[in-house]
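> just a sequence and a predicted model for now, questions to come.
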Amino acid sequence: MLELSILGFLHETPLHGYELRKRVAALTGHIKPIAESTLYPAIKRLEKSGWLRRDQQPGAVAAPRHVLSLTDGGRAELMRRLAEPEPLDISNENRWFTVLAFLRHLADPAAQAVVLRRRLAFLEEPSSFFYADDRPVSAEEVDDPFRQGVLVIARATSRAELDWLRTTLAALDAAA
């Protein structure tokens with residue numbers, strides 16, 4: 001998801017590494033802080049793949065700054081990743097939020113709807129954090145108040161997302 005975040009933010013505007021790091025950290029929040037030792041190798045991989053380029057600009061005080069921008073190949077790779085997210089990108093909430101943060105860059109409403117329908121189908125499948133004999137357990141079946149809290153919060157979040165998905169899909173279908 002780090003690479004998708006880099007491609008997504010650079011699609012919006014060229015950035016130097018420090019600003020890119022701040023934006024990625026804001027997106028991932030406290031869940032997955034981004035270290036320089038993680039970000040810069042990812043930048044180098046994307047640069048080696050031909051998906052971004054680094055241009056040197058004079059620094060404000062002394063040292064020159066490197067500004068990163070997407071190449072045409074990088075834009076194409078971003079569109080591919082947005083149009084065809086991996087199954088884990090659909091099922092993992094943190095990865096899903098990264099896809100969702102940049103899905104507007106996929107200009108075709110029908111293509112956006114395809115991705116949202118995959119998430120909708122995933123959310124409509126019965127599931128739980130806890131199981132009894134391979135059957136999802138609901139909050140009402142749990143005696144432990146803390147596990148019950150996990151299930152109640154997850155249910156509320158899922159319902160809110162389902163409502164948003166259905167509303168957004170209706171709007172995308174109308175636009176397509």
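Looks like it came in fine.
> now the residue positioned nearest the centre of the chain: how far from S69?
In the chain, the residue lying closest to the centroid (Cα atoms, centre = their mean) is T98, at 1.0 Å. Distance, T98 to S69, using Cβ to Cβ, to the nearest Å: 20 Å. Yep, even glycine has a C-beta here, placed from its N, CA and C like the rest.
> with E36 instead?
Distance of E36 to S69, computed by Cβ to Cβ: 20 Å.
> and these two? which has more neighbours close in?
A direct count of neighbours by other Cβ atoms under 10 Å for E36 and S69 places S69 higher, at 14 against 10.
> this structure: helices as residue ranges?
Using DSSP state H, the helices found in the chain span residues 2-12, 17-28, 36-48, 72-83, 87-91, 93-102, 109-124, 145-175.
> most tightly surrounded among those helices?
Ranked by mean neighbour count under mean count of other Cβ atoms under 10 Å, the helices of the chain are led by helix 2-12, which reaches a mean of 20.
> so what touches that one?
For helix 2-12, contacts defined as Cβ atoms under 8 Å, 6 or more residues apart in numbering pick out 15, 20, 23-24, 27-28, 34, 38-39, 42-43, 45-46, 51-52, 68-70, 74-75, 77-78, 81-82, 98-99, 101-102, 105.
> could you check the angle helix 72-83 makes with that helix?
Angle of helix 2-12 versus helix 72-83, following axes from the mean of the first three to the mean of the last three Cα atoms, to 10 degrees, is 120 degrees.
> tell me the average confidence for helix 2-12?
When pLDDT is averaged along helix 2-12, the result is 95.
> so who does the residue nearest to R95 when sequence neighbours are not counted touch?
Using Cβ to Cβ, 6 or more residues apart in numbering and skipping residues adjacent in sequence, the residue nearest R95 is D89, 4.6 Å away. Taking Cβ under 8 Å, 6+ apart as the contact definition, D89 lies against 1, 95-96, 98-99.
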